[in-house]
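Peer 1: give me a model of this one.
(2 chains)
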Amino acid sequence: MPILQNNPQLNKNGELQHLLTIEGLKKSHIDHILDTASSFVGISDREVKKVPLMRGKSVFNLFFENSTRTRTTFEIASKRLSADVINLNIQASSTTKGESLLDTIDNLAAMHADMFVVRHAQSGAPYMIAQHLNRTRSDVHVVNAGDGRHAHPTQGLLDMYTIRHYKKDFTNLRVAIVGDILHSRVARSDIHALTTLGVPEVRAIGPHTLLPGGLDQMGVRTFTNIDEGLKDVDVIIMLRLQNERMSGALLPSAQEYFKSYGLTPERLALAKPDAIVMHPGPMNRGVEIDSAVADGAQAVILPQVTFGIAVRMAVMSILAGTHA
Amino acid sequence: MKLHIKNGRVIDPANGVDAVQDLFIENGRIAAVGAAPDGFSADRSIDASGLVVAPGLVDLSARLREPGYEYKATLESELQAAMQGGVTTLVCPPDTDPVLDEPGLVEMLKHRARIVDQANVHPLGALTVGLKGKALTEMAELTEAGCIGFAQAEEPILDTTVLLRAMQYAKTFGFTVWLRPQDAHIGRGGVAHSGPLASRLGLSGVPVMSETIALHTIFELMRATGARVHLCRISSAAGLELVRAAKKEGLDVSSDVGVHHLHMTDADIGFFDSNARLTPPLRSQRDRDAIRAAVLDGTVDAICSDHTPVDDDEKLLPFGEASPGATGLELLLSLSLKWAQDQPDADRALALAIGRITCDAARIAGLPAGTLGVGAAADVVLFDPNARWKVEGKTLASQGKHTPFLGYELAGQVKATVVRGRVAYQR
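Peer 2: Next up is the predicted model:
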């Protein structure tokens, strides 16, 4: 007996009020973000790398979980939009003093924040924040910068930007995602984005211990044999294997993982000749990817990082222009 | 005090009664049903026209949070909620702080409940000291103090030898062991049903096999010991299938389900609604449908509220960090009636549903409650099966304001609750 809940990331006109997940977004939402990002890509090459779209706006980076890379790219994106950026290392401050998450949000909202960029170890934490703000301060926007295993929508969008840049059309692609799908928010966001954009075949490759149930309901074909899974694919998205997963009940060792699932030049040759290799970073060379591939001609891992700034600028500027 | 309840539709499944009749109460007991006893002159009469008159509800799991968690709820608030929900007898699990593993604590709780003087409170004692799964509690002493059975609440026993010994010991004295089947390892730390939804939302899962593995173990130990076991909060179709087979085999086993699981599925988690964070987790639609069918066919003996008051600070958290549980005492009746209304033969199902929350539950608990038979304690609920009410924090008497049914309109409103012949609640 479900009661109808409003999708908290959309306003009553169906526009993006927050970016919490790619699931449920329309293709037009994604296209709009990617098109906007295109217009921002050139800015980073200018001598003055700034546009005044968010001048006078305050963006609070709330990272409840450690991250250097993602936080930095959001900070750069905010600054290129001329916003003021405030970085908060939450672990070190209020929550350890016993202040609740929502108290922290209320206090920062009272400091006239315009946007929160939130990373949290718990799946769904940015939803709780967005739903709270929808009730209390509907002018404040939330960008999910990664929540637990659930979603990392800006990573998913920058991956789509990268694929579009190199492949132009989504509707004739085979895309393989390789590695720890179980714990990966990047994989979930990529899967939703790829299926929304019309990719006919999304594959997930990994051992049974790292493949969650229910992938078929998400429109994904699973493979446990990487050689079969990579055959004739256009795009390979490698996932990072976290250190703590490398030895234990999920996997016996990093060496064995590399042997069974590491992307080597020989395996890459099974994909289409013009296949691209992506990785959300940071990479474990010799664990999930061979250096020869990571540094090879087909890798587009550094362009992903560059595009990531433009995509985050696009997301933030679009949200800042949306009103509840 | 002589009480006359007239013109109500008396539904008393224990005695096979479903008819418009009068009820006569004297000295805290049912004096007569139908015609007045000779010389009966009522001190008070209640007109129950249009209402159902049923035995007061018997709830097999209601956490009152005393001792130890008074900030979440107190006996006063929760027993008031029981009255408002028509629950006159309740069984409370031992996971308080300190754990109910010593006779003194049980006596204190019974004493506090007597002072509050609302619903009848029957504690379950801890099966092992501190619920730690290592040493047995003084079950005989605890029984003398008022425990009606022994449970591990939400703490599975790691060492199966201890569970075997506990069941052997309980069998020695004829005590019932109440167990919620869950594997000690698989699904530990999980927050949602393992399935497509948990995968999508990135929530750690509790697989159905956590329940079925535990059931296999329990049944094997029952075969070895002959102990009587009550299985709490079965949550899955596969689990119910095992219970059905065990009953057919002739094992001395009974089972209950939580009332939320009759209606909701993991899809009700929606956008990470922590009010739908329950233990065991809400499962798939297939599981929900199997639970509904099992209540009808008797595989499930009783429906309980699984009342678990949680305060805001522990609920207004990201889904995985939020405390599990929902308030339930005031929803048990309406949600059980809702199940009945959904059945093809709603009238027959109504009596059956009332049985599952009165006499069937009382039989499991070994209590002389849940009946309107002459001479029984006069615990009675009067409710309007058609009156609708909205589930809102402010209308709930319980200190626990969190339930996945917030905002729902439910049919079935309690108009009066009588405990031991006294009108304890009337609206």
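Peer 1: need the phi and psi values for A:Val202.
Peer 2: Dihedral pair for A:Val202: phi -110, psi 130, per degrees, to the nearest 10.
Peer 1: ugh, typo on my part, it should be A:Ile237
Peer 2: phi -110, psi 110.
Peer 1: for it, give its distance to A:Leu211.
Peer 2: The gap separating A:Ile237 from A:Leu211 is 15 Å, by Cβ to Cβ, to the nearest Å. In short, each C-beta sits where N, CA and C put it, glycine included.
Peer 1: for those two, indicate the residue with more neighbours.
Peer 2: A:Ile237 (29 against 19; other Cβ atoms under 10 Å in any protein chain shown).
Peer 1: report the contact partners of the more buried one.
Peer 2: Applying Cβ atoms under 8 Å, 6 or more residues apart in numbering or on different chains, we find A:Ile237 in contact with A:Asp159, A:Val175, A:Ala176, A:Ile177, A:Val178, A:Val186, A:Ala187, A:Asp190, A:Met278, A:His279, A:Pro280.
Peer 1: got the residues of the stretch 251-400 of chain B near chain A?
Peer 2: B:263-264, B:267-268, B:270-274, B:313, B:316-321 (Cβ under 8 Å from any Cβ of the partner chain).
Peer 1: just the ones in helices from the residues you listed, please.
Peer 2: The members of these that map onto helices under DSSP state H are B:Asp313.
Peer 1: tell me the buried residues within the residues of the stretch 251-400 of chain B next to chain A.
Peer 2: Buried members of those, scored by 16 or more other Cβ atoms under 10 Å in any protein chain shown, are B:263-264, B:267-268, B:270-274, B:316-321.
Peer 1: now, which of the contacts of A:Ile237 sits nearest chain B?
Peer 2: Nearest to chain B among the contacts of A:Ile237: A:Ala187, at 9.8 Å, using Cβ to the nearest Cβ.
Peer 1: from A:Leu210, how far off is that closest one?
Peer 2: From A:Ala187 to A:Leu210 the distance is 10 Å (Cβ to Cβ).
Peer 1: which one of the residues in the stretch 51-200 of chain B is closest to chain A?
Peer 2: Closest point on the stretch 51-200 of chain B to chain A, by Cβ to the nearest Cβ, is B:Pro196, at 3.2 Å.
Peer 1: touching, that residue and A:Val220? I think so.
Peer 2: No. The criterion here is Cβ atoms under 8 Å, and B:Pro196 misses it with A:Val220 at 11.2 Å.
Peer 1: kindly report the residues of the stretch 51-200 of chain A close to chain B.
Peer 2: A:100-102, A:120, A:122-125, A:127-128, A:131, A:147-151, A:185, A:188.
Peer 1: could you redo the last one with a cut-off of 7 Å?
Peer 2: A:100-102, A:120, A:122-125, A:127-128, A:148-150, A:185, A:188 (Cβ under 7 Å from any Cβ of the partner chain).
Peer 1: narrow the residues you listed to those in helices?
Peer 2: A:Leu101, A:Leu102, A:Ala125, A:Tyr127, A:Met128, A:Arg185, A:Arg188.
Peer 1: tell me which of those is nearest to B:Ile357?
Peer 2: Set against B:Ile357, the nearest of those by Cβ to Cβ is A:Met128 (34.2 Å).
Peer 1: can you give me the helices in the chain?
Peer 2: No chain in the question, so chain A it is. Along chain A, the stretches classed as helices by DSSP H are A:27-41, A:69-80, A:101-110, A:125-136, A:153-167, A:185-196, A:226-230, A:254-261, A:265-268, A:291-294, A:301-320.
Peer 1: wait, I meant chain B there
Peer 2: B:75-84, B:103-116, B:139-145, B:160-173, B:196-201, B:208-225, B:237-249, B:285-297, B:312-315, B:332-341, B:346-356, B:359-365.
Peer 1: my guess is the residue of the stretch 51-200 of chain B closest to chain A contacts A:Gly214, does it?
Peer 2: Yes. Between B:Pro196 and A:Gly214 there is a contact under Cβ atoms under 7 Å: 3.2 Å.
Peer 1: now do the shared contacts for those two.
Peer 2: Counting by Cβ atoms under 7 Å, 6 or more residues apart in numbering or on different chains, B:Pro196 and A:Gly214 have no contacts in common.
Peer 1: rewinding a little: want to try a markdown table for the ones in helices among the residues of the stretch 51-200 of chain A next to chain B, with pLDDT and neighbour count as columns?
Peer 2: Shown next, in a markdown table, are these (pLDDT from 0 to 100; neighbours: other Cβ atoms under 10 Å in any protein chain shown):
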| residue | pLDDT | neighbour count |
| --- | --- | --- |
| A:Leu101 | 86 | 23 |
| A:Leu102 | 89 | 17 |
| A:Ala125 | 95 | 26 |
| A:Tyr127 | 96 | 27 |
| A:Met128 | 94 | 28 |
| A:Arg185 | 96 | 22 |
| A:Arg188 | 97 | 28 |
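Peer 1: need the max-distance pair from those residues.
Peer 2: Using Cβ to Cβ, those span at most 25.2 Å, a distance reached by A:Leu102 and A:Arg188.
Peer 1: quick one: low-confidence residue ranges for chain A.
Peer 2: Scanning chain A for pLDDT under 70 picks out the ranges A:1-5, A:92-98, A:324.
Peer 1: change it to 50
Peer 2: Along chain A, segments meeting pLDDT under 50 span A:1-4.
Peer 1: middle-most residue in it, spatially?
Peer 2: For chain A, A:Gln155 is the residue whose C-alpha lies nearest the centre (Cα atoms, centre = their mean; 2.3 Å).
Peer 1: how near is that one to chain B?
Peer 2: 14 Å (Cβ to the nearest Cβ, to the nearest Å).
Peer 1: show me what contacts the closest residue to that residue other than its chain neighbours?
Peer 2: Of all residues not flanking A:Gln155 in the chain, A:Val186 sits nearest, at 5.0 Å (Cβ to Cβ, 6 or more residues apart in numbering or on different chains). With contact taken as Cβ under 7 Å, 6+ apart, A:Val186 is in contact with A:His152, A:Gln155, A:Gly156, A:Leu239, A:Pro280.
Peer 1: quick one, what contacts the first one?
Peer 2: To tie it back to what came earlier, the one meant is A:His152. A:His152 touches A:Gly146, A:Arg185, A:Val186, A:Ser189, counting by Cβ under 7 Å, 6+ apart.
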